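the amino acid sequence is not available; the structure is as follows:
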Ligand code: HEM
């Protein structure tokens, strides 16, 4: 079939889908809601969806400016995306029962989980439940163990040289965070085995690529493609093969130690074995899913921090002085939880970077699994996506004075008796990098530990600058609603004298 014929066929299928949906109940519910980015007429809203692909962040900002305090909608190819900016309505959405408004369901749709991860919505809800429970209540990796992994991987990533050397910022952060995170997920030595790390990376890449392919196809073609394009089992089979001996060793350790197994909270694998998970394929799935949630989010956040630090030697000097006072100098520094908690300027710096850079334009996207009525009278119909305009809210002067400027010490809070412990992992209705409420990211405390340790290590052991002594952070890239720190730029690093 010629390309042009295929194009007309796909366009006709979309047109029919839109025309039929126009008269559906869901469309009627949202009839009165202002539309941003294009017309809401039958078929023509297809152009709004194309507009959104090209300029998502701008459309969302336009909507926020025009309808702040209310709601608006933007067309997607097969549904509406509703934005809620009223804090009271947002609170109602956060408190909504999960069988009505669901974040895992939105994620499952977004990555086309049935075809890219091999399980339906029930599976997704199950794995998220397991992870929430394990990450918030059981897994407790020690900073000493993470330090061990971090220093070994920095040894591989960073040049051991007293001259300035370039390193690719994003891919180096990814390598580091992949190893540190997997130390907390599967433990040593598996966390640093190249074949295992390759299997994890292949899985993540195949989910992201698969999501693009499957989202471009009309729903009825997806199962047909899945018959000959198996994205899931090759990755899963590899992970199972590599995980099995480590799983068996943990089961044996657990059996020998009984109820008082000292390693039970060291990593996620041990926690799951201690909670009697005995299906290694199930364990492999959990490990792949947790990597998907943890690794790119944390490594991109670290890259954004690195670029900012590299752009300003004075910020490095201030944060280094704080780190030396709290942890000790260079290779002799002690990275324990109490000392890390004293890094209040660093905490503020990372929080400001998460506010200012963020991960994109959307906050806490949920899919309506049933009709959901808000107190304003608006009914969010089943099948609709609902989100908050994260970036617009983070840069709004009413939420953060001079919100469009990066102010590294914006969040430093006074120390002293009775002062709350400062942590950038604490969420609020206007600070949303980790979401807020009962579905807020359950890995945020672990992410905070990794980000603080890695940044403090770099400050204590290395000088950092941008290529050409630039003082402007390299521009980020936008992939529809996702904002990714520049993936091509290098930072220059030079070992500091006191390193052992
Ligand atoms: C800086 C790093 C990270 C950022 C910015 C981030 C951000 C987020 C956000 C925005 C959500 C959705 C929250 C919502 O729907 O309200 C989320 C969910 C989640 N995150 Fe993270 N995350 C990070 C690191 C991690 C890490 C390290 C882990 C695991 C150790 C993790 C595990 C999860 C899981 C399992 C969910 C799903 C929770 C649910 O739907 O209930 N994340 N994360």
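Here it is on my side, so go on. A quick note: this is a predicted structure, and the numbers were derived from the prediction, not measured.

quick check: residues of the stretch 401-500 of the chain near the ligand?
Applying Cβ under 6 Å from any ligand atom, we find that the stretch 401-500 of the chain lies next to the ligand at 433-435, 439-444, 446-447. For the C-beta atoms, the positions are set from N, CA and C on the backbone; glycine is no exception.

again, but for the stretch 51-200 of the chain
Contact residues, the stretch 51-200 of the chain versus the ligand (Cβ under 6 Å from any ligand atom): 103-104, 128, 131-132, 135.

how about the helices in the stretch 151-300 of the chain?
Using DSSP state H, counting those that start in this stretch, the helices found in the stretch 151-300 of the chain span residues 169-185, 194-216, 222-228, 233-257, 268-274, 280-311.

in TSV: the ones you listed, plus distance to residue 157, mean neighbour count and mean pLDDT.
As requested, the helices of the stretch 151-300 of the chain are exported to TSV (distance: least, Cβ to Cβ, whole Å; neighbours: other Cβ atoms under 10 Å; pLDDT from 0 to 100):
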stretch	distance to residue 157	mean neighbour count	mean pLDDT
helix 169-185	5	24	98
helix 194-216	13	17	95
helix 222-228	37	11	93
helix 233-257	22	16	95
helix 268-274	24	23	95
helix 280-311	12	23	97
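
in JSON lines: these, plus distance to residue 72.
Formatted as JSON lines, these follow (distance: least, Cβ to Cβ, whole Å):
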{"stretch": "helix 169-185", "distance to residue 72": "33"}
{"stretch": "helix 194-216", "distance to residue 72": "23"}
{"stretch": "helix 222-228", "distance to residue 72": "30"}
{"stretch": "helix 233-257", "distance to residue 72": "39"}
{"stretch": "helix 268-274", "distance to residue 72": "40"}
{"stretch": "helix 280-311", "distance to residue 72": "27"}
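
and the gap between residue 289 and residue 447?
Distance, residue 289 to residue 447, using Cβ to Cβ, to the nearest Å: 16 Å.

and for residue 188?
With distances taken as Cβ to Cβ, residue 188 is found 20 Å from residue 447.

flag the shaky bits of this protein, pLDDT-wise.
1-26, 42-43, 417-418, 498-500 (pLDDT under 70).

dihedrals phi and psi, the residue in the stretch 101-250 of the chain that the ligand sits nearest to?
Distance from the ligand to each residue of the stretch 101-250 of the chain (Cβ to the nearest ligand atom) is smallest for residue 103, at 3.5 Å. As for residue 103, its main-chain torsions (degrees, to the nearest 10) stand at phi -70, psi -50.

grab the nearest non-local neighbour of it.
For residue 103, ignoring the flanking residues on the chain, the nearest one in space by Cβ to Cβ, 6 or more residues apart in numbering is residue 439 at 4.6 Å.

returning to what we had before: any of the residues of the stretch 51-200 of the chain next to the ligand buried? List them.
Among those, those classed as buried by 16 or more other Cβ atoms under 10 Å are 103-104, 128, 131-132, 135.

how many neighbours does residue 338 have?
9 (other Cβ atoms under 10 Å).

measure it to the ligand for me?
According to Cβ to the nearest ligand atom, to the nearest Å, residue 338 stands 22 Å off from the ligand.

over to that residue: give its phi and psi.
Backbone torsions for residue 338, taken as degrees, to the nearest 10, come to phi -70, psi -40.

check residue 231 too.
Torsion angles, degrees, to the nearest 10, at residue 231: phi -80, psi -20.

who's in contact with it?
Residue 231 sits next to 115-116, 206-207, 210 when contact means Cβ atoms under 8 Å, 6 or more residues apart in numbering.

now residue 420
By Cβ under 8 Å, 6+ apart, residue 420 lies in contact with residue 413.

could you look up the SS state of it?
Recorded secondary structure, residue 420: coil (DSSP: H, G, I helix; E, B strand; the rest coil).

list the buried ones in stretch 119-138?
Going by neighbour count (16+ other Cβ under 10 Å), the buried part of stretch 119-138 is 119, 121, 123-125, 127-128, 130-132, 134-135.

of the residues you listed, just say which sits nearest to residue 272.
For the buried residues of stretch 119-138, the minimum distance to residue 272 (Cβ to Cβ) is 6.8 Å, reached by residue 134.

how far away is the nearest residue to that closest one once chain neighbours are set aside from the ligand?
Nearest in space to residue 134, with sequence neighbours left out and distances taken as Cβ to Cβ, 6+ apart, is residue 271 at 5.2 Å. Going from residue 271 to the ligand by Cβ to the nearest ligand atom gives 12 Å.

what's near enough to touch residue 271?
Counting by Cβ under 8 Å, 6+ apart, residue 271 touches 134, 138-139, 264-265.

for residue 188 and residue 447, indicate the residue with more neighbours.
Legend: neighbour count by other Cβ under 10 Å for residue 188 and residue 447, higher for residue 447 (24 against 17).

just the element for the more buried one, please.
helix 444-461 (DSSP states H and E).

what's downstream of that helix, the next helix or strand?
Tracing the chain past helix 444-461, the next element assigned as helix or strand by DSSP H and E is strand 462-466.

and that next one, what does it pack onto?
helix 280-311, helix 313-327, strand 490-495 (3 or more Cβ pairs under 8 Å, 6 or more residues apart in numbering; DSSP states H and E).

quickly run through the sheet partners of it, with directions.
strand 490-495 (antiparallel) (DSSP bridges).

and the strand it pairs with, which residues are buried?
Of the residues in strand 490-495, 490-493, 495 count as buried by neighbour count, 16+ other Cβ under 10 Å.

hmm, who's touching that strand?
Contacts with strand 490-495, where a contact means Cβ under 8 Å, 6+ apart, come from 158-169, 306-307, 310, 458, 461-467.

got it, and stretch 428-440?
With contact meaning Cβ under 8 Å, 6+ apart, stretch 428-440 is reached by 87, 90-91, 94-95, 98, 103, 301, 351, 354-355, 358-359, 363-364, 388, 390, 393-394, 399-400, 425, 427, 441, 444, 447.

out of those residues, which end up buried?
The buried subset of the contacts of stretch 428-440 - by 16+ other Cβ under 10 Å - is 90, 94, 98, 103, 301, 351, 354-355, 358-359, 363-364, 388, 390, 393-394, 400, 425, 427, 441, 444, 447.

give me the subset of these lying in strands.
In strands, defined here by DSSP state E, the members of the buried ones among the contacts of stretch 428-440 are 363-364, 388.

run through the residues that contact residue 89.
So residue 89 contacts 71, 374-376, 378 (Cβ under 8 Å, 6+ apart).

need the max-distance pair from those residues.
71 and 375 (12.2 Å).

more crowded one of these two?
Shown here are residue 71 and residue 375; by other Cβ under 10 Å, residue 71 has more neighbours (20 against 10).

doesn't residue 81 make contact with the more buried one?
No - applying Cβ atoms under 8 Å as the test, residue 71 and residue 81 come out as separate, 11.2 Å apart.

tabulate the contacts of residue 89 (JSON lines), appending secondary structure and distance to residue 419.
Listed next are those as JSON lines, based on DSSP: H, G, I helix; E, B strand; the rest coil; distance: Cβ to Cβ, whole Å:
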{"residue": "71", "secondary structure": "strand", "distance to residue 419": "38"}
{"residue": "374", "secondary structure": "coil", "distance to residue 419": "37"}
{"residue": "375", "secondary structure": "coil", "distance to residue 419": "36"}
{"residue": "376", "secondary structure": "coil", "distance to residue 419": "38"}
{"residue": "378", "secondary structure": "coil", "distance to residue 419": "41"}
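
mind listing the helices for the stretch 1-150 of the chain?
Going by DSSP H, counting those that start in this stretch, the stretch 1-150 of the chain shows helices at 3-22, 25-29, 45-67, 87-95, 103-110, 113-116, 121-133, 143-157.
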